[in-house]
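**Student:** fold the following, please.
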Amino acid sequence: MDALANFFLENQDMIYIVILSIFLGIEVISHVPAILHTPLMSGANAIHGVVIIGAIIVMGHAKSDDYLALTLGFLAVVLGTLNVVGGFVVTNRMLEMFKKKK
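**Tutor:** Numbering: from 1, shown residues only. Have a look, this model is predicted:
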């Protein structure tokens, strides 16, 4: 229990930043018009390529017997890839709506 309390005391500034960024993100997203939600979400999903690169770097630096790091890295690569592909699919469907019909 003391280790947990020490962790919170040592990282108190970072914890405050994370909590404030959560509230800021909720406020920003709640004020976005409904018509912009789909383009913003498809773009945000495509940006998850950064997650894939980070997960690959973590897996590359993990020791071969560190199964937790390797499993979490693999899971991050798979989920990040699904998010990127989903972002491109949504963007493609959105762009198809603006094409002229024959």
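**Student:** residue contacts, the closest residue in space to residue 44 that isn't next to it in sequence?
**Tutor:** Nearest residue to residue 44, sequence neighbours excluded (CB to CB, 6 or more residues apart in numbering): residue 87, at 7.2 Å. Yep, even glycine has a C-beta here, placed from its N, CA and C like the rest. Counting by CB atoms under 8 Å, 6 or more residues apart in numbering, residue 87 touches 41-48.
**Student:** would you write a ChimeraX line that selects the buried entries of the residues you listed?
**Tutor:** Per 16 or more other CB atoms under 10 Å, the buried members of the contacts of residue 87 correspond to this ChimeraX selection:
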select :41,42,45,46,48
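**Student:** can you add secondary structure and pLDDT and give the contacts of residue 87 back as CSV?
**Tutor:** Rendered in CSV, the data for these read as follows (DSSP: H, G, I helix; E, B strand; the rest coil; pLDDT from 0 to 100):
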residue, secondary structure, pLDDT
41, helix, 73
42, helix, 70
43, helix, 70
44, helix, 75
45, helix, 73
46, helix, 68
47, coil, 75
48, coil, 78
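**Student:** return the closest of the contacts of residue 87 with respect to residue 91.
**Tutor:** Distance ranking of the contacts of residue 87 against residue 91, using CB to CB, places residue 42 first at 4.2 Å.
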